[in-house]
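Asks: A structural model of the following input is requested.
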Amino acid sequence: MTAPSTTLRHAAPDSTVNSLGFAKPPAQTRVVVAMSGGVDSSVVAAMLAAQGYDVIGVTLQLYDHGAALAKKGACCAGQDIHDARRVAERIGFPHYVLDYENKFRESVIEEFADAYLAGATPVPCIRCNERVKFRDLLETARELDADCMATGHYIRRFGGPRGAQLHMAADPARDQSYFLFSTTQEQLDFLRFPLGGLASKAETRALAAQYGLAIADKPDSQDICFVPDGDYASVIEKLRPGAADPGEIVDMDGNVLGAHRGVIHYTIGQRRGLGIGGLDDPLYVVRLEPETRRVVVGPKQALATRIVPVTEVNWLGDEPFAGEIPISARIRSTRPPRPAILRATGPRRAEIELLAPEEGVSPGQACVFYATEGTRVLGGGWISHRRGG
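Replies: Down below sits the predicted model:
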């Protein structure tokens, strides 16, 4: 069974270089595939095995899969481990399950809880990629003497004059570049993303059916894997007992308008569920103050932000990270990149000026940088706080 020629588009013109960019036959090229048990990574493993690569599948157990067996729509839980193993058995390549539960808790879950308690809106999937999959698992791949590691992420990797470049996926609806901005240059040189050039998820499912994979129609994962049904607050209450202390809802002048049942139940930009009635104009959450247990509300225009300070910047551009750099900035995974100016304020700090103000900029979210033209990802950073204007 051979994959269609359209599935991998990164082969160099030199016929001695294989589709993953190595000057040797596929059979002599070892690839570790990070398998979550979903359709995407399963197709990557089956595709590369069909093309003759020396494939090793690795699945991470990230949290108590015994308790998660009944939870649908999460990655790296019990049923998903079973599904990944079945794919490996059907195609015929070795598969390993690594217990990363402690690493995941220390590197991702604990920070998620602390950030949420501090009034931020964290994105744990990015931290998981950064600290677990692309750090610890990638190191394991090297220990297995792999030439590269492949994942099922929808993002593209192209060769450039100064090393590998990160680009948005061909299918804008599936693009995952927002969640991979912190991938370093060294990691990018070792990683491969075979699905980034596909036109749609329908193509991926068609390949799964072609390879005879039982998970061809498996639903995509939903929500954060350790947050059932998107209920962040209940998870935080379990991790940090007493976190849901009640407090006051106040306007921007400090006037008390009502009471709330815990800061962790609110997010910046929220309008519904505030429990404040009888007002002429709608109010939105514009700021969270965990130290005083206050939820600050105001008119919609108070959410408008032009200046976005970011920290922990990962820079993937060719030019030095200094001075002013025109970029397109994305401040939410669900929003398109918008014109902006990046001003470096330190080795890994910057101030992003949005040319048009955005609403709902929230500390803890990522701000991802793109080239002003084309699809290249230039890196990104974490929003540290928001400023109006």
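
Asks: Heading C-terminal from the top helix by length along the chain, find the next helix or strand.
Replies: Secondary structure assigned by DSSP state H gives helix 78-91 as the longest helix of the chain. Proceeding N to C from helix 78-91, the next assigned helix or strand is strand 95-99, under DSSP states H and E.

Asks: how about Asn129, secondary structure?
Replies: Three-state call for Asn129 (DSSP: H, G, I helix; E, B strand; the rest coil): helix.

Asks: quick one on the thing from earlier: so the longest helix of the chain versus strand 95-99, what angle?
Replies: 160 degrees (axes from the mean of the first three to the mean of the last three CA atoms, to 10 degrees).

Asks: Please identify the buried residues of helix 78-91?
Replies: 78-81, 83-88, 91 (16 or more other CB atoms under 10 Å). The way it works is simple: take the backbone N, C-alpha and C, and place the C-beta from them, glycine included.

Asks: Check stretch 211-221 too.
Replies: 211, 213, 215-216, 218, 221.

Asks: what about the stretch 151-300 of the chain, any weak spots by pLDDT?
Replies: 222-223, 228, 278 (pLDDT under 70).

Asks: how about the helices in it?
Replies: With helices called from DSSP state H, counting those that start in this stretch, the stretch 151-300 of the chain shows them at 185-190, 201-210, 232-239.

Asks: now those as a markdown table including distance to Cys367 and mean neighbour count?
Replies: Below are the helices of the stretch 151-300 of the chain laid out as a markdown table (distance: least, CB to CB, whole Å; neighbours: other CB atoms under 10 Å):
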| stretch | distance to Cys367 | mean neighbour count |
| --- | --- | --- |
| helix 185-190 | 19 | 16 |
| helix 201-210 | 27 | 18 |
| helix 232-239 | 21 | 17 |
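
Asks: quick one, which of those helices is nearest to Gly38?
Replies: Within the helices of the stretch 151-300 of the chain, the stretch nearest Gly38 is helix 201-210; the backing value is 10.0 Å (CB to CB).

Asks: helices or strands up against the closest one?
Replies: helix 39-50 (3 or more CB pairs under 8 Å, 6 or more residues apart in numbering; DSSP states H and E).

Asks: Walk me through which strands the helix or strand just after the helix it packs on pairs with, and which way each runs.
Replies: Later in the chain than helix 39-50, the nearest helix or strand by DSSP H and E is strand 54-61. If you go by DSSP bridges, strand 54-61 pairs up with strand 30-34 (parallel), strand 95-99 (parallel).

Asks: which residues touch the residue sitting nearest the centre point of the chain?
Replies: Nearest to the mean C-alpha position of the chain, counting by CA atoms, centre = their mean, stands Phe179 at 2.5 Å. Shown in contact with Phe179 (CB atoms under 8 Å, 6 or more residues apart in numbering): 123, 125-126, 129, 153, 333.

Asks: try 10 Å
Replies: 123, 125-130, 153-155, 333, 366, 368 (CB atoms under 10 Å, 6 or more residues apart in numbering).

Asks: go on, Gly364?
Replies: Applying CB under 10 Å, 6+ apart, the residues near Gly364 are 111-112, 115-116, 118-123, 267-268, 382-385.

Asks: Surely it is in a strand?
Replies: No: according to three-state DSSP, Gly364 belongs to no strand; its state is coil.

Asks: Would you check how far apart it and Gly242 are?
Replies: Using CB to CB, to the nearest Å, we find Gly364 at a distance of 21 Å from Gly242.

Asks: Got the domain ranges for the chain?
Replies: 26-66+74-211, 244-298, 304-383 (the TED database).

Asks: So which of those domains is nearest Val227?
Replies: domain 26-66+74-211 (8.3 Å).

Asks: Now do the end-to-end distance for the closest one.
Replies: 19 Å (CA to CA, to the nearest Å).

Asks: The nearest residue to Ala170 once chain neighbours are set aside and Gly38, how far apart?
Replies: Spatially, and ignoring its direct neighbours in sequence, Ala170 is nearest to Gly197 (5.1 Å; CB to CB, 6 or more residues apart in numbering). Computed as CB to CB, the Gly197 to Gly38 distance reads 19 Å.

Asks: And those two? Which one has more around it.
Replies: Neighbour comparison, Gly197 and Gly38: the larger count goes to Gly38, with 22 against 19 (by other CB atoms under 10 Å).
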